[in-house]
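Participant: got a predicted structure here, sequence first:
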Amino acid sequence: MGVMNDYIKARKAGLREVQRDISRGRYPYLTSLEDFVSIADTAGEYPVGLVEIPISMIAGTKTKGRQNAFSRGFLPVLEEASEFAAKWQKLVEIQETEGIRDAVKVYEYMQKFYVEEGNKRVSVTKYMNMPMILADVTRILPRKTDDKYNKIYYEFTRFYNVAPIYDISFSEEGGFEKLAEIAGQTLDQPWPEDTLQTVRSAYQYFSEIFAAKGGEDLSVTTGDAFLIYLSIFSLDSLLNENKTELERRINSIWNEILTKNRDDNIEVVEDPDMITKAGSPKSAAGTVISALIRKNYTEEHPLRAAFIYDRTAEESSWIYGHELGRNAVDQRFGGVVETIKFEGCAGEEEFRKAVRAAVADDDDLVFTVSPAQMAATLRAAIEYPKVKFMNCSVNLSHNAVRTYYGRMYEAKFLMGALAASVAENHRIGYRADYPIYGTFANINAFAIGAAMIDPKAEIELIWSTKKDTDWRAEMREMGVSVYSGPDLIRPQEASREYGIYKRDEAGNVLNLAAPMWDWGRYYELIIRTILDDTWNAKDIARPDQALNYWWGMQSGVIDVIMSEHISYYSKKLVGALRHGLITDTLNPFDGELRSQDGLIKPAGSPRLSNLEIIKMDWLNDNVNGTIPEIGELNDSVKETVQVVGVVKDAQAGGTPKDAQAGSVPGGKAQEHSAAASDGVNA
């Protein structure tokens, strides 16, 4: 009688589930694989063998035969007096006395399982809350396409070949590679059994706590959340810490998980006035700010800001520029703001020491100036939630760390127009370094600016970070005499090959123009949001969004400087274009756009959105060059590209691939940010 009660209970739950699905306009019975997959349209079937699979990953039945005997959740719905009910009841009895031992036969497609034999066994196992079931698995491989989920699945198959774990899934490319890196493994060699057991156990423990907190109601996968956890805390911590501590840690990163849960998870602030307007109704006038400074911060109790550099200003022109900005901040606020720098913090321990020193010094704000530092910065922000952390990068979606960068494409647009006005043979060389966020917007804006002045202008693109590249020799062979070089040079380097310059036949360099970063202005604007109490303005972004500052010429953080060798007319041209950018009446990405592969958008179209510009992964139709595969790059730059890169992936058929899929703890990248794409770290 007890067994009969089980069937009655399960059937009632199944009928409720059916009615609920019908009321929501959803098909109420089991999904049938053959309804949407034809074997003829796949890449074939492959036996996987006997495997314990998660019940939660069984999505339906392979054929339509028993489709209507179960609700969508595999609960029985047929009459209690039926032969089906009697067999189902018998399986409950077997499970309670000796356990169901016979394996079910399933087909796996896109990391979901569809039952061919053993639907009732699956139903009983699920009803009795058993997490796993033994299955004889056959994989159906989809044909390879450029679809995002197809690419994720093929990455999973590589992962499964070396680490046979079925229940970890990700919603973005790169997740399995990141997990392998965290585990100290690759996707090319089988993982040791002890590593497999560690990952399985850690994931299972995390899954239980994540589900209890309501994680299964989010659109992110448990794997996504697991990877966020591992970007901040260690893998071993999931096995060595008690449940209370793990719950506390997951609570501390919950906003990071909620940010990952959103499609629009990044709010781009393109103007500092957006922060002022979204804040309190206080005027931004100097008198009000001065009053606030006197009230909250004084020379006796200043606002303290720390700058953590992974190299020194002598080694890097990028850091040299930020160091100029830091010194400007010390001067501009008359002692009300104090800054301190920590140099040479490329390693994890050096970085942690710098953060601990900043916290001990009661620093309110910490700046890190390389995206390669983001993982360490994020861990520090979680550990010290009362300190404000900012990282100089773009498009890294972390809630606890705000990012800041400049719309350098605006300056590149002006420099492209200027270069075209002096390139007599219509050919301009463009030396790029890193294929990362912002690089392609810079290249394309330059190319569009050049074509607007000279429709015959062609941009010869060379990547200086490719292996065995002599970019100067290649440019000479192409007849290039007008160049776009690095934005800056090292402080102690005598080279004049930066900005826009001309080279004559004797090899002499004539500098024409260069973009200018005013980091002092940028840092002043950021710090004023704290001083005038608009840092936490609620109308800028939702609590579950990342905040990216992306300011440009209008804010005075970027500009172009021209030499005395530029003619009056060229300066007038640049001035007119600059005015259009500042007043927002001109933008290189307005209207019709054409790439090397054809039309991007037709005439009359609105301009690209901020994120479309930031994540651009195509080259304009007057650019001669390609996007490099990551294997073509020097080893010294690969790790930076893996954090914030947009590169071609040879295994994905050479299509552009977003290299970011969550930060990696302990990253060792030695170069810097999207600015490096134009040689600032040269």
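Facilitator: In hand now; what should we look at?

Participant: three-state assignment of the closest residue to Leu187 other than its chain neighbours?
Facilitator: Counting by CB to CB, 6 or more residues apart in numbering, Arg158 is the residue found nearest to Leu187 once chain neighbours are left out, at 4.5 Å. Where C-beta positions appear, they are placed from N, C-alpha and C, glycine not excepted. Following DSSP: H, G, I helix; E, B strand; the rest coil, Arg158 is assigned to helix.

Participant: Ile257 versus Arg158, what's the distance?
Facilitator: 26 Å (CB to CB, to the nearest Å).

Participant: so where's the protein uncertain?
Facilitator: Scanning the chain for pLDDT under 70 picks out 1-4, 276-295, 489-495, 537-539, 541, 637-682.

Participant: contact partners for Ile53?
Facilitator: 106, 113, 132-133, 135, 137, 166-167 (CB atoms under 8 Å, 6 or more residues apart in numbering).

Participant: just the buried residues of those residues.
Facilitator: Neighbour counting over these (16 or more other CB atoms under 10 Å) leaves 106, 113, 133, 135, 137, 166-167 as the buried ones.

Participant: of those, which belong to helices?
Facilitator: Counting by DSSP state H, no part of the buried ones among the contacts of Ile53 is found in helices.

Participant: could you pull out the strands for the stretch 51-200 of the chain?
Facilitator: For the stretch 51-200 of the chain, strands defined by DSSP state E, counting those that start in this stretch occupy the ranges 58-61, 104-109, 112-117, 132-140.

Participant: got TSV for those, with distance to Glu343 too?
Facilitator: Listed next are these as TSV, based on distance: least, CB to CB, whole Å:
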stretch	distance to Glu343
strand 58-61	54
strand 104-109	52
strand 112-117	51
strand 132-140	52
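
Participant: Asp271: which of those strands is closest?
Facilitator: Nearest of those to Asp271, taken as CB to CB: strand 112-117 at 45.2 Å.

Participant: that closest one - contacts with which helices or strands?
Facilitator: When contacts are defined as 3 or more CB pairs under 8 Å, 6 or more residues apart in numbering; DSSP states H and E, strand 112-117 packs onto strand 58-61, strand 104-109.

Participant: 10 Å instead, please
Facilitator: strand 31-32, strand 45-54, strand 58-61, strand 104-109, helix 119-127, strand 132-140 (3 or more CB pairs under 10 Å, 6 or more residues apart in numbering; DSSP states H and E).

Participant: that older thread, Arg158 and Ile257: which is more packed in?
Facilitator: More crowded of Arg158 and Ile257, by other CB atoms under 10 Å: Ile257, with 21 against 16.

Participant: was I right about that one contacting Lys213?
Facilitator: Yes. Ile257 is within contact range of Lys213, at 9.2 Å (criterion: CB atoms under 10 Å).

Participant: now do the shared contacts for the two.
Facilitator: 225, 250 (CB atoms under 10 Å, 6 or more residues apart in numbering).

Participant: ok, now which ones touch the residue nearest to Leu187?
Facilitator: Neighbouring residues of Arg158 by CB under 10 Å, 6+ apart: 176-177, 180, 186-188, 651.

Participant: domain-wise, how is the chain divided?
Facilitator: Per automatic domain parsing, the structural domains of the chain span 1-143, 146-265, 267-406+524-532+547-553, 408-520+557-627.

Participant: got the ones you listed as a markdown table, with distance to Ser636 columns?
Facilitator: Shown next, in a markdown table, are the domains of the chain (distance: least, CB to CB, whole Å):
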| stretch | distance to Ser636 |
| --- | --- |
| domain 1-143 | 36 |
| domain 146-265 | 18 |
| domain 267-406+524-532+547-553 | 12 |
| domain 408-520+557-627 | 8 |
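
Participant: what's the closest of the ones you listed to Leu633?
Facilitator: domain 408-520+557-627 (5.4 Å).

Participant: could you work out the end-to-end span of that closest one for me?
Facilitator: From the first residue to the last, domain 408-520+557-627 extends over 20 Å; the measure is CA to CA, to the nearest Å.

Participant: before we move on, the earlier item: of all the strands of the stretch 51-200 of the chain, which one is nearest Val220?
Facilitator: Among the strands of the stretch 51-200 of the chain, strand 112-117 comes nearest to Val220, with 17.3 Å by CB to CB.

Participant: state the helix or strand in which Arg352 lies.
Facilitator: Using DSSP states H and E, Arg352 falls within helix 348-360.

Participant: from the contact counts, what lies against that helix?
Facilitator: Helix 348-360 packs on strand 303-308, strand 337-342, strand 365-368, helix 374-383, going by 3+ CB pairs under 10 Å, 6+ apart.
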